[in-house]
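> Attaching a predicted model along with its sequence, questions to come.
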Amino acid sequence: MCARLALDTQSGGHVVLMAAVIFPLLFLLIYSPAISPRVTGAQRLPDIIVIGVRKGGTRALIEMLKLHGSVVAAHNEVHFFDWDSHYQRGLDWYRSQMPRVLPGQLTVEKTPAYFTSVKAPERVLRMKPDVKLLLIVRDPTIRLLSDYTQVFHNQLEKHKRPLPLDTLLMRDGELNANYKPLNRSLYHVHLERWLAVFPVDSIHLVDGDALIQHPLAEVKKVEKFLQLEPQINASNFYFNATRGFYCLRARGRDRCLHGSKGRKHPPVTPEILQKLHEYFREPNRMFFDLVGRTFDWK
């Protein structure tokens, strides 16, 4: 009887001990947050920066670059080199905004406002003197109209009443030189600032108009500039008749750019168009001389 009582007492002790171990484990499994999968790779300062130009096709360009297995892009425009509030956070903060990459992969960041920023070229140089820079340009008049169209729709979404283009663009019958979209299309002014800091072979110029019509040919030039193994090919592009431009295909998925891309421009009077073409004629010539090539712009 005593032996049986001792055995029962011992068994009960085992049960209590097991319960003391199991219940906390169950509690952890039920109430603890899910354990995230291990994230591989490291965050590095960018090897490539798309510096501009706004409404030149920067989003299309970076989405096409992402088709290459060796290129990983930051999710958002970081505005590190043009916003003092961001730049003052330092390079460690900037690095923290970059995606994780594996050995052999390149990191790319896109902020079109860098191109027109006075401070950006020197700041980028201090960050990484051998960084590769991509600049995509379009017909200056078309770029200006796209710029206005984006602001127009942004204001509508905020329930604001946007001003007509001619009100912003014209002053006493002449073009308003203080209108920012007009200034952004003076490519030679801004590029001279970059070329004063970086050698010309650090900057690759992408034809934004050609990228729309013949994307593969332009992207292959970028691959060569970045010294990437050729990967992007014709199967990565298909023409979407509804959208009116090429979309992308990769790993069994088809995708087009956001609906905000490719919006119709507002109607512009022939008189204003003529003034714009005349205004940009000499700046365009200066830009062509600067880069040693011409573009089919009016």
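Thanks, I have it.
> Report how many residues lie close to Glu229.
Glu229 has 8 neighbours, counted by other CB atoms under 10 Å. Where C-beta positions appear, they are placed from N, C-alpha and C, glycine not excepted.
> would you say it is within a strand?
No: counting by DSSP: H, G, I helix; E, B strand; the rest coil, one finds Glu229 to be coil, located in no strand.
> Give me the phi and psi for it.
Glu229 has phi and psi values of phi -60, psi 130 when expressed as degrees, to the nearest 10.
> what residues are up against it?
Glu229 makes contact with Ser70, according to CB atoms under 8 Å, 6 or more residues apart in numbering.
> Local confidence estimate at it?
Looking at Glu229, its pLDDT reads 97.
> Residue nearest the middle of this structure, spatially speaking?
Lys110 (3.4 Å; CA atoms, centre = their mean).
> May I have the beta-bridge partners of that residue?
Beta bridges link Lys110 to Val50 when assigned by DSSP bridges.
> Is it in contact with Glu77, as I believe?
Yes: with contact defined as CB atoms under 8 Å, Lys110 counts as touching Glu77 (6.1 Å).
> Next, the contact list for the residue nearest to the centre of the chain, please.
Ile49, Val50, Thr58, Arg59, Leu61, Ile62, Ala73, Ala74, Glu77 are the contacts of Lys110 under CB under 8 Å, 6+ apart.
> Out of these, flag the one nearest to Asn233.
Asn233 has its nearest neighbour among the contacts of Lys110 in Leu61, at 17.0 Å by CB to CB.
> partner residues bridging the nearest residue in space to the closest one that is not next to it in sequence?
Leaving out its chain neighbours, the residue that sits closest to Leu61 by CB to CB, 6 or more residues apart in numbering is Ile136, at 5.4 Å. Note on Ile136: beta-bridge partners Val206, judged by DSSP bridges.
> contacting residues for Ile136?
By CB under 8 Å, 6+ apart, the residues touching Ile136 are Val50, Gly52, Val53, Gly56, Gly57, Thr58, Leu61, Leu205, Val206, Asp207, Gly208, Leu211.
> ditto for Gly69
Gln105, Gln231 are the contacts of Gly69 under CB under 8 Å, 6+ apart.
> quick one: pLDDT of it?
In this model, Gly69 carries a pLDDT of 96.
> Could you do Asn76 as well?
pLDDT, Asn76: 94.
> same question, Gly13
pLDDT, Gly13: 46.
> So, low pLDDT: which residues of the chain?
1-39, 258-263 (pLDDT under 70).
> Please repeat the previous calculation with a cut-off of 80.
1-40, 257-263 (pLDDT under 80).
> can you pull out the strands in the stretch 51-200 of the chain?
71-73, 100-101, 106-110, 132-137, 170-171, 174-175 (DSSP state E, counting those that start in this stretch).
> who wins for proximity to Met286 among the ones you listed?
Across the strands of the stretch 51-200 of the chain, Met286 has its closest neighbour in strand 132-137 (13.4 Å, CB to CB).
> sorry, back to before: got TSV for the strands of the stretch 51-200 of the chain, with distance to Leu248 too?
Converted to TSV, the strands of the stretch 51-200 of the chain look like this (distance: least, CB to CB, whole Å):
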stretch	distance to Leu248
strand 71-73	13
strand 100-101	21
strand 106-110	16
strand 132-137	16
strand 170-171	39
strand 174-175	37
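> and the contacts of Lys110, which two are the farthest apart?
Applying CB to CB across the contacts of Lys110, the maximum distance is between Ile49 and Arg59, 14.6 Å.
> Who has more neighbours out of the two?
Of the pair Ile49 and Arg59, Ile49 is the one with more neighbours under other CB under 10 Å, namely 26 against 18.
> Find the nearest non-adjacent residue to Met286, please.
His188 (4.3 Å).
> And Trp297, by the same measure?
Asp139 is the one closest to Trp297 (CB to CB, 6+ apart), at 4.4 Å.
> Of the contacts of Lys110, which is the nearest to Lys119?
Closest approach to Lys119 among the contacts of Lys110 (CB to CB): Ile49, at 14.4 Å.
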